[in-house]
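1. My questions are about this predicted structure, shown below with the sequence.
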Amino acid sequence: MTLKAMYVLWRGAQAPAEKVEIELVERRAPKLVDLGASSLVVNFPRLPEAARALPGEDGSQVAALVSARFPDENAARQASEALRPESGAVAGYVVGEAVPLDYDRRSWPDGAATPGIKQVTLLRRKPGLAYDDFLRSWHDVHTPLALRTHPLWAYNRNVVERPLGSGMPDYDGIVELMFRSVEDLTEPARFFGSQEGMRAILHDVRGWLDLERIEYYPMQEFMLGGAEN
């Protein structure tokens with residue numbers, strides 16, 4: 001039995017994004033494999049004009065999202081330290097995963113960029129909303145609505161169960177929406193399908209999400225495999 005962990009990495013305001021990405025793939029990701037990581041995926045921000053980023057007080061910026069499965073929580077905690085950028089920070093979480101929609105086919109090898117674009121959303125529930133009501137709104141109402149509305153290729157839903165340490169951002173969930181093309185994400189007419197679709201989505205999310213603190217980042221996905229390979 002394995003557990004899934006996800007890690008948000010930040011880079012210092014003066015740290016070049018390219019350097020952080022190379023360091024993660026070449027030096028830090030292999031350390032996770034040594035810890036028994038499987039299903040290892042790294043994601044790097046792209047299209048900053050289409051993101052809603054909340055920089056840290058020190059000017060730090062989200063530099064990557066990493067996910068993997070581990071044999072136990074101790075290995076997942078060690079992975080947090082292995083991933084920490086030289087100039088930056090990392091927050092790790094144990095998550096409960098659901099995949100309402102998976103890729104219909106995969107033709108690219110491990111290590112190659114997944115075609116298309118992924119939107120990663122770091123979300124928190126609306127203030128004052130009970131946690132069970134948040135989950136019902138997200139799972140039972142929003143997920144079917146999103147599947148009907150957006151031109152999705154894949155949809156990965158991750159409920160944050162607990163942080164892998166103290167002092168980490170209080171995210172309630174991490175959503176990964178995969179699109180076959182950049183235009184499917186960035187062009188409103190394609191993303192929402194219609195004015196009715198846009199109104200339905202906006203009306204829905206106002207009821208259960210903290211829209212003041214939501215973060216979303218278009219990202220490029222790289223599946224690296226891991227120990228199971």
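-> Now that the structure is in, tell me what you want to look at.

2. so who does residue 118 touch?
-> 43, 176, 177, 178, 179, 218, 219, 220, 221 (C-beta atoms under 8 Å, 6 or more residues apart in numbering). Quick note: C-beta positions are derived from backbone N, CA and C, even for glycine.

3. got any ranges where this structure has weak pLDDT?
-> Regions of the chain meeting the criterion pLDDT under 70 cover residues 228-229.

4. any chance you could map the helices in it?
-> 17-23, 29-34, 73-83, 131-136, 143-149, 182-186, 188-192, 195-206 (DSSP state H).

5. do you know which of those helices lies nearest residue 62?
-> The closest of the helices of the chain to residue 62 is helix 17-23. By C-beta to C-beta, the value is 10.1 Å.

6. tell me which residues in the closest one are buried?
-> 20, 21, 23 (16 or more other C-beta atoms under 10 Å).

7. Output those as a markdown table; include the columns distance to residue 194.
-> Rendered in a markdown table, the data for these read as follows (distance: C-beta to C-beta, whole Å):
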| residue | distance to residue 194 |
| --- | --- |
| 20 | 39 |
| 21 | 37 |
| 23 | 43 |
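
8. Which single one of the residues you listed is nearest to residue 183?
-> The nearest one, if we look at these relative to residue 183 and count by C-beta to C-beta, is residue 21, at 24.3 Å.

9. how close does the closest one get to residue 220?
-> When C-beta to C-beta, to the nearest Å is applied, the distance between residue 21 and residue 220 equals 10 Å.

10. Kindly report the same for residue 131.
-> Following C-beta to C-beta, the distance that separates residue 131 from residue 220 is 32 Å.

11. if you count what's nearby, which of those two comes out ahead?
-> The residue with the greater number of neighbours, taking residue 131 and residue 220 and applying other C-beta atoms under 10 Å, is residue 220; the counts read 17 against 9.

12. For the more buried one, give the beta-bridge partners.
-> Legend: beta-bridge partners of residue 220 under DSSP bridges are residue 44.

13. need the contact list for it.
-> Here residue 220 is in contact with 43, 44, 46, 113, 114, 117, 118 (C-beta under 8 Å, 6+ apart).

14. Quick check on the residues you listed: which are buried?
-> Buried residues within the contacts of residue 220, counting neighbours by 16+ other C-beta under 10 Å: 43, 44, 114, 117, 118.

15. I'd say the third one and residue 105 touch.
-> No: in terms of C-beta atoms under 8 Å, residue 114 does not count as a neighbour of residue 105; the distance is 12.0 Å.

16. quick one on the thing from earlier: looking at the buried ones among the contacts of residue 220, which is nearest residue 126?
-> Relative to residue 126, the closest of the buried ones among the contacts of residue 220 is residue 118; by C-beta to C-beta it sits at 24.8 Å.

17. which strand residues sit across from the closest one in the sheet?
-> residue 178, residue 219.

18. Give me the distance between it and residue 38.
-> Counting by C-beta to C-beta, the gap from residue 118 to residue 38 is 20 Å.

19. And the helices of the chain: which comes nearest residue 168?
-> Nearest to residue 168 among those is helix 73-83 (9.4 Å), distances taken as C-beta to C-beta.

20. mind checking how far the closest one is from the chain centre?
-> In terms of C-alpha atoms, centre = their mean, to the nearest Å, the centre of helix 73-83 is set 18 Å apart from its chain centre.

21. Kind regards, and thank you for your time.
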